[in-house]
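Q: Need a 3D model of the sequence below.
(one chain, ligands or ions: 1)
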Amino acid sequence: MAKKEFKSESKRLLDLMINSIYTHKEIFLRELISNASDAIDKLCFIALTDDKLNMSRDDFKIFIKPDKENRTLTITDNGIGMDKDDLENNLGTIASSGSYKFKQEMSEKQDDIDIIGQFGVGFYSAFMVAKKITVVTKKYGCDTAYKWESDGADGYEITETERDEIGTTIVLEIKDNTEEENYDEFLEQYRIQGLIKKYSDYIRYPIMMDMTHSRVKEETKDSEKPEYEDYTETETLNSMLPIWQRAKKDVKQEEYDNFYREKFMAMDKPLHTIVTSVEGVVTYKALLFIPSQAPYDYYTKEYKKGLQLYSSGVLIMENCEELLPEHFRFVKGIVDSADLSLNISREMLQHDRHLITIAQNIEKKIKNELTSMLANDRENYEKFFNAFGRQLKYGVSADYGMHKEELQDLLMYYSSTEKKLVTLSEYVDRMKEDQKFIYFAVGENISSIDNLPQTELLRSKGYEILYCTEEIDEFSLQTLMQYKDKRFCSATNDDLGIENDENKEEEKDSSAILTFVKETLGDKVSEVVASKKLVSHPVCLTAKGGISFEMEKYFNAVQPDSGMKAQRVLELNMNHSAVKAMESAVQTDIEKAKKYAELLYDQALLIAGLPIENPGEYADLVCSLMV
Ligand SMILES: Nc1ncnc2c1ncn2[C@@H]1O[C@H](COP(=O)(O)OP(=O)(O)OP(=O)(O)O)[C@@H](O)[C@H]1O
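A: Numbers count the residues shown, from 1 in each chain. As a prediction, this is how the structure comes out:
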């Protein structure tokens, strides 16, 4: 038969296919195996209604055969096959999909069939690695077999040929290596095995290959110098039924754990496994894991968030970021849906309504699972929170607090009274009747906050204080602003909304000493006030305005030239003997009184965890007062 040319548009399309559509050459195998699987599906479907076709599901298979010597890779299936018209229409016309048409016809008959092919282009991806493709095929119900041959650019040729069985064999003549490209890899058994595992592991029919391994020769087993021999075995390379397609009740937790470790190269055991199957506007299955520990690169740019996305068991994307919100980026897992509108290369998804719906559902599902874990499995939830709580707090502060309502009930902070992590709801439920605010204190660690003088009054009144020991803690509370109508209030705030009875008396006549200290310290402090919150400590610093000391420290660490400085208010405990000593020194030895004022200020800086402006001067000052 005379050689037929691809139509000119087709030629350009083919060129596009080969050079532009796919980023990875390796996907050609996924496409050919998907075609083989579709072909088997079609024949399986016919077998259901046609008794003459004496085949059951177990008879179907896909066979892969690399041949290094002849540089060929052969893919054989015993699916429906193609006749001459099919070859013309489907392999001679780019972007014509017999599979899509088949699916359309079936759905008109109301039979839903899970077919992979839809664009009519996947086949041609094989030209990325092959210089010539030969297809030998015999269609179910036909007596004649046909051979389709093409070297890509010059069109194709169809001739009659011999073939006993129904089905299709595709022989790729693999290209020679070039300086830039290594094509030999597509003839290596382990590389092919790896590609099948990666992209086609869940194709429902066995994908088989003769695998050659090495073993010690039986007769040399006990000798000092054992000899090796090669042996070949036919192996099934794909798992076929994905674990997420099996009913949850039939899968042991251990199997889920192993799947998690293998799939995501994790060392830990997942803390929580979520299995979900949704049918409705959009149909999908998801298998999600909450890891028990953060991967070493979790808080770095290297960590990639996302879920693996499958469509009808074929891997579409390793990391589909759109499926997870930033605040749940620690979740690992897979989503499988046949409803996605894939783009032609199956590499990216077009802006997909279904994908958005799935992502929304998944976000809700994760939130609900965490909520019930918090309610019913506190120990594990705390483990989770220790690993990923910081992420939730970032989530509260991110996007101008857009997700705060969703996340606030999942937050935990260390409590001064409970000496463990507590939730905001637990705090509010325990609040004293007259308590106006939810109090928090910021510091580097638990013991430094335990010793913060500013918290003395709150403690003496028995109020619970939430400890903010991570940079993000204070930002998260500031973003929340309030919880169940109770505002947050920093322990270092001027106004704690409570009276300090012990200091009441003294408030009236302390203005002279306050003015003296302010004049002595000058611009170092913006104000000096009589403290309402100190009980046993003489001094403390509080920050006025929106910037706290912890923020000052944080910004100065990440951006040293930011010039960010909290306004310092020095609080004096008018009942404290050190302050009284300074007061009397004002009358007797004004220079000494000035030294006391400097010393008390430096102490306040130290307690607040802020650097003393001049440590040498401070040491001299202490010494001068000792002699
Ligand atoms: N092994 C096969 N057995 C039977 N028919 C096949 C086989 N391979 C391809 N075909 C036919 O050729 C058509 C075109 O295949 P191609 O891979 O180009 O596109 P597709 O699978 O339909 O869609 P997609 O581009 O989405 O993969 C298929 O729809 C199918 O009808």
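Q: Please give me every residue in contact with residue 313.
A: Contact analysis of residue 313 by Cβ atoms under 8 Å, 6 or more residues apart in numbering lists 201-204, 242, 245, 336. Bear in mind the C-beta positions are built from the backbone N, C-alpha and C, glycine included.
Q: so where's the stretch 101-250 of the chain shaky on pLDDT?
A: Residue ranges of the stretch 101-250 of the chain with pLDDT under 70: 106-120.
Q: residue boundaries of the strands in the stretch 1-150 of the chain?
A: 62-67, 72-77, 130-138, 145-150 (DSSP state E, counting those that start in this stretch).
Q: With distance to residue 388 and mean neighbour count as new columns, can those strands be given to me in CSV?
A: Shown next, in CSV, are those (distance: least, Cβ to Cβ, whole Å; neighbours: other Cβ atoms under 10 Å):
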stretch, distance to residue 388, mean neighbour count
strand 62-67, 41, 19
strand 72-77, 44, 21
strand 130-138, 47, 21
strand 145-150, 53, 21
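Q: for these, which one sits closest to the ligand?
A: The ligand sits nearest to strand 72-77 of all the strands of the stretch 1-150 of the chain, at 5.3 Å, using Cβ to the nearest ligand atom.
Q: Verify the stated contact: residue 31 with residue 122.
A: Yes: in terms of Cβ atoms under 8 Å, residue 31 counts as a neighbour of residue 122; the distance is 3.4 Å.
Q: And those two? Which one has more around it.
A: Set residue 31 next to residue 122 and count neighbours by other Cβ atoms under 10 Å: residue 122 wins out with 27 against 24.
Q: In contact with that one, which residues are there?
A: 31-32, 34-35.
Q: Take those and write them to TSV, including pLDDT and distance to residue 45.
A: Below are the contacts of residue 122 laid out as TSV (pLDDT from 0 to 100; distance: Cβ to Cβ, whole Å):
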residue	pLDDT	distance to residue 45
31	92	21
32	96	20
34	94	16
35	94	16
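Q: what's the closest of those to the ligand?
A: Of all these, the ligand sits closest to residue 35, with 3.4 Å by Cβ to the nearest ligand atom.
Q: From what I see, that closest one and residue 123 are in contact.
A: Yes: at 6.3 Å, residue 35 counts as touching residue 123 under the criterion of Cβ under 8 Å.
Q: ok, those two, which is more surrounded?
A: Per other Cβ under 10 Å, whichever of residue 35 and residue 123 has more neighbours is residue 35, with 25 against 21.
Q: thinking again about what came up before, filter the contacts of residue 313 to the buried ones?
A: For the contacts of residue 313, a burial check counting by 16 or more other Cβ atoms under 10 Å picks out 201-204, 242, 336.
Q: Please flag which of those sit within helices.
A: Among these, no member is found in helices (DSSP state H).
Q: any chance of the residues you listed in JSON lines, plus distance to residue 99?
A: Below are those laid out as JSON lines (distance: Cβ to Cβ, whole Å):
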{"residue": "201", "distance to residue 99": "21"}
{"residue": "202", "distance to residue 99": "18"}
{"residue": "203", "distance to residue 99": "14"}
{"residue": "204", "distance to residue 99": "15"}
{"residue": "242", "distance to residue 99": "21"}
{"residue": "336", "distance to residue 99": "19"}
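Q: Now narrow the contacts of residue 122 to whatever sits close to the ligand.
A: Checking these against the ligand by Cβ under 6 Å from any ligand atom, the ones in range are 31, 35.
Q: Tell me the one among the contacts of residue 122 nearest to residue 487.
A: Nearest to residue 487 out of the contacts of residue 122 is residue 34 (Cβ to Cβ; 58.0 Å).
Q: picking that back up, out of the contacts of residue 122, who's nearest residue 25?
A: residue 31 (11.2 Å).
Q: quick one: residue 212 is in a helix?
A: No: according to DSSP: H, G, I helix; E, B strand; the rest coil, the state of residue 212 is strand, so it is not within a helix.
Q: Bridged to it, which residues?
A: Per DSSP bridges, the residues bridged to residue 212 are residue 232.
Q: Secondary structure element for the nearest residue to residue 513 once chain neighbours are set aside, which one?
A: Excluding its sequence neighbours, the residue lying closest to residue 513 (Cβ to Cβ, 6 or more residues apart in numbering) is residue 583, at 5.0 Å. Assigned by DSSP states H and E, residue 583 belongs to helix 577-588.
Q: Helix or strand next in line after that helix, which one?
A: Going down the chain from helix 577-588, the next helix or strand is helix 590-607, by DSSP H and E.
Q: Format the CA atom coordinates belonging to that next one as PDB.
A: Output of helix 590-607 as PDB, limited to C-alpha atoms (Å, rounded to 0.1, in the frame of the first residue of the first chain):
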ATOM      1  CA  ILE A 590      21.900  63.100  94.600                       C
ATOM      2  CA  GLU A 591      24.800  61.500  92.700                       C
ATOM      3  CA  LYS A 592      24.200  58.200  94.400                       C
ATOM      4  CA  ALA A 593      20.500  58.500  93.600                       C
ATOM      5  CA  LYS A 594      21.300  58.900  89.900                       C
ATOM      6  CA  LYS A 595      23.500  55.800  90.100                       C
ATOM      7  CA  TYR A 596      20.500  53.900  91.700                       C
ATOM      8  CA  ALA A 597      18.300  55.100  88.800                       C
ATOM      9  CA  GLU A 598      20.800  53.900  86.200                       C
ATOM     10  CA  LEU A 599      21.200  50.600  88.000                       C
ATOM     11  CA  LEU A 600      17.500  49.900  88.300                       C
ATOM     12  CA  TYR A 601      17.100  50.700  84.600                       C
ATOM     13  CA  ASP A 602      19.800  48.300  83.600                       C
ATOM     14  CA  GLN A 603      18.200  45.600  85.800                       C
ATOM     15  CA  ALA A 604      14.900  46.200  84.100                       C
ATOM     16  CA  LEU A 605      16.700  45.700  80.700                       C
ATOM     17  CA  LEU A 606      18.200  42.500  81.800                       C
ATOM     18  CA  ILE A 607      15.000  41.000  83.100                       C
END
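Q: Could I get the buried residue list for the next helix or strand after that helix?
A: Next along the chain after helix 590-607, taking DSSP H and E as the criterion, comes helix 615-626. The neighbour-count check on helix 615-626 (16+ other Cβ under 10 Å) flags 618, 621 as buried.
Q: that older thread, please list which of the contacts of residue 313 also come close to the ligand.
A: The subset of those within reach of the ligand, counting by Cβ under 6 Å from any ligand atom, is empty.
Q: quick one: low-confidence ranges for this protein?
A: Applying pLDDT under 70 to the chain flags residues 1-2, 5-12, 17, 93-96, 98, 106-120, 341, 343-351, 494, 499-508.
Q: returning to what we had before: show me what the helix holding residue 583 is packed up against.
A: With contacts taken as 3 or more Cβ pairs under 8 Å, 6 or more residues apart in numbering; DSSP states H and E, helix 577-588 sits against helix 511-521, helix 590-607.
Q: and if we set it to 6 Å?
A: Contacts defined by 3 or more Cβ pairs under 6 Å, 6 or more residues apart in numbering; DSSP states H and E place helix 577-588 against helix 590-607.
Q: just checking, what packs against the helix it packs on?
A: For helix 590-607, the packing partners by 3+ Cβ pairs under 6 Å, 6+ apart are helix 511-521, strand 539-544, helix 577-588, helix 615-626.
Q: Specify the stretch among those that is closest to the ligand.
A: Nearest to the ligand among those is strand 539-544 (61.6 Å), distances taken as Cβ to the nearest ligand atom.
Q: quick one on the thing from earlier: would CSV of the strands of the stretch 1-150 of the chain with distance to the ligand be doable?
A: Shown next, in CSV, are these (distance: least, Cβ to the nearest ligand atom, whole Å):
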stretch, distance to the ligand
strand 62-67, 9
strand 72-77, 5
strand 130-138, 7
strand 145-150, 10
